[in-house]
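> Mind folding the following:
(one chain, ligands or ions: 1)
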Amino acid sequence: MSASAALRDGAGAPQVDAPTRARDDAGAWTDHSAGAATLPPGAAPPAPGVRRIGDVILDVRDVSLAFGGVKALTGIGFDVREHEIRAIIGPNGAGKSSLLNCINGVYQPQSGSISLRGRAFHRLDPRSVAQMGVARTFQNLALFKGMSVLDNIMAGRNLKMRSSLFAQAFRLPFGWGPANREEIAHRRAVEEIIDFLEIQPYRKTPVGRLPYGLQKRVDLGRALAMEPSLLLLDEPMAGMNVEEKQDMSRFIVDVNDEFGTTMVLIEHDMGVVMDLCDRVVVLDYGRKIGDGTPAEVRGNPDVIRAYLGTAH
Ligand SMILES: Nc1ncnc2c1ncn2[C@@H]1O[C@H](COP(=O)(O)OP(=O)(O)OP(=O)(O)O)[C@@H](O)[C@H]1O
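Residues are numbered from 1 along each chain as shown. Model (predicted):
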């Protein structure tokens, strides 16, 4: 199926099953679990634990970024609301990764502003942005392939560890001392993530020996270990087969439901985008050409033209 057909039909190739509950095109809540009913737009979610879209937490205003003569982003503005799943889509080279890299502090835009809960990111490095609660997964995985699943996720916990390297290096024996107590608490948190992502059988397996889909799940676990309030997912389904995509879709919905984590994801599979996301930003040649619900974006002539390749 062509990209334009996928966009029109809201289906990627291959199609991924819808998660257990989602919003329909009119913004109504739909719970696909047994006995669930569709609520009118704006109505309260159907059950406790199901997310409520809140106020704007990430505000991107008029962001421009150039690499020499290449304008990667021009005057981009959009917002993300608490508990929302937001997608960034666009053809290759549209500027999606550059935008994510601006949001997590890897790139400093030449103009514009980005703020999280009213706090501007200006000139903040990636570590400081991470300390503000922004975590990220990577298109090409950022895992230590020779280390176990457990140790990789533990490494993601690093930012939350308070005791100094000195204290960790000179632990007191028999489990005493703050560094030991802290490590026990962090290990417990990591084990909970491993249970949540259903990767217990692989906890001691070196990540490099796992199938690609499971490695992507470990990368998600590494990011979750930071307990982020905003999670940036760079092509979480890239390179996956249908079954792996279904699993990852379910975990994204579950993370959003159970932890209330707000998410921004870059994704090429239109079926995934249309099923999972509340609102979609569309980029093309570094400019924003669409922004709205999946239904709005799907019917936007500029977006259709960009995907047909006739917009330029
Ligand atoms: N570090 C860099 N140095 C120079 N040019 C860059 C750099 N990063 C991105 N670009 C350019 O900026 C533009 C946007 O690239 P970007 O990777 O953000 O697009 P994308 O939408 O993520 O593409 P894809 O879907 O192929 O990953 C492209 O023209 C790219 O060549």
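
> Pull out the buried residues from stretch 254-271.
Within stretch 254-271, the residues scored as buried using 16 or more other Cβ atoms under 10 Å are 255-257, 259, 261-271. Placement of C-beta: from N, CA and C, glycine included.

> near the ligand, which of these show up?
Among these, no residue is within reach of the ligand (Cβ under 6 Å from any ligand atom).

> and this structure, which of its residues are near the ligand?
Within the chain, the positions near the ligand by Cβ under 6 Å from any ligand atom are 67, 70, 72, 90, 92-98.

> Report the distance from stretch 276-291 to the chain centre.
Between the centre of stretch 276-291 and the centre of its chain there are 15 Å (Cα atoms, centre = their mean, to the nearest Å).

> Which positions within it qualify as buried?
Buried residues in stretch 276-291 (16+ other Cβ under 10 Å): 276-291.

> can you give me the helices in the stretch 51-200 of the chain?
Ranges of helices within the stretch 51-200 of the chain are 96-103, 126-131, 149-156, 165-169, 178-196, based on DSSP state H, counting those that start in this stretch.

> what about the first one, average pLDDT?
So the one you mean is helix 96-103. Here helix 96-103 scores 95 as its mean pLDDT.

> Over to the third one?
Model confidence over helix 149-156, given as mean pLDDT, is 89.

> going forward can the numbers begin at 27, since that is how I track them
Renumbered: residue one is now 27, and that last one reads helix 175-182.

> Counting neighbours, which of the residues of the chain next to the ligand comes out on top?
K122 (26 neighbours; other Cβ atoms under 10 Å).

> My guess is that one contacts G116. True?
Yes: between K122 and G116 there is a contact under Cβ atoms under 8 Å: 5.5 Å.

> For those two, list the residues in contact with both.
Residues touching both K122 and G116 by Cβ atoms under 8 Å, 6 or more residues apart in numbering: L309.

> Now do the contacts for D151.
D151 sits in contact with G131, where contact means Cβ under 8 Å, 6+ apart.

> center of this structure, which residue is that?
When Cα atoms, centre = their mean is applied to the chain, the residue found nearest the centroid is L259 (3.0 Å).

> now, which of the buried residues of stretch 280-297 lie within helices?
If you go by DSSP state H, the buried residues of stretch 280-297 have 281-283, 285, 296-297 in helices.

> Quick check: the closest residue to V106 other than its chain neighbours vs M296, distance?
Spatial nearest neighbour of V106, excluding adjacent residues (Cβ to Cβ, 6 or more residues apart in numbering): L84 at 4.0 Å. Separation of L84 from M296 (Cβ to Cβ, to the nearest Å) stands at 23 Å.

> ditto for F285
Taking Cβ to Cβ, one finds F285 at 26 Å from M296.

> And E209, by the same measure?
44 Å.

> show me what contacts the closest residue to G318 other than its chain neighbours?
Leaving aside its chain neighbours, G318 sits nearest to R305 (6.3 Å; criterion: Cβ to Cβ, 6+ apart). When contacts are counted by Cβ under 8 Å, 6+ apart, R305 touches 110, 112-113, 317-320.

> One more: S139?
Neighbouring residues of S139 by Cβ under 8 Å, 6+ apart: 85-89, 146-148.

> What's the local residue count around the residue lying closest to G80 once chain neighbours are set aside?
The spatially closest residue to G80, leaving aside those adjacent along the chain, is E108, at 3.2 Å (Cβ to Cβ, 6+ apart). Per other Cβ under 10 Å, the neighbour tally for E108 reads 18.

> Verify the stated contact: E108 with D81.
Yes: E108 is within contact range of D81, at 5.9 Å (criterion: Cβ under 8 Å).

> any low-confidence regions in the stretch 27-176 of the chain?
For the stretch 27-176 of the chain, the stretches with pLDDT under 70 are 27-77, 166-167.

> Kindly recompute the last result at 90.
Applying pLDDT under 90 to the stretch 27-176 of the chain flags residues 27-80, 145-154, 156-157, 162-172.

> Also the stretch 177-326 of the chain?
Looking along the stretch 177-326 of the chain with the criterion set at pLDDT under 90, you get 180-215, 238-239, 264-266, 285, 294-298, 301.

> the strands in it, which residues?
256-260, 288-292, 305-310, 313-318 (DSSP state E, counting those that start in this stretch).

> Contacts for the first one, please.
Residues outside strand 256-260 that contact it (Cβ under 8 Å, 6+ apart): 83-84, 106, 123, 126, 129-130, 142, 159-165, 246, 249-250, 278, 281, 287-293.

> quick one: strands adjacent to that strand?
strand 160-163 (parallel), strand 288-292 (parallel) (DSSP bridges).
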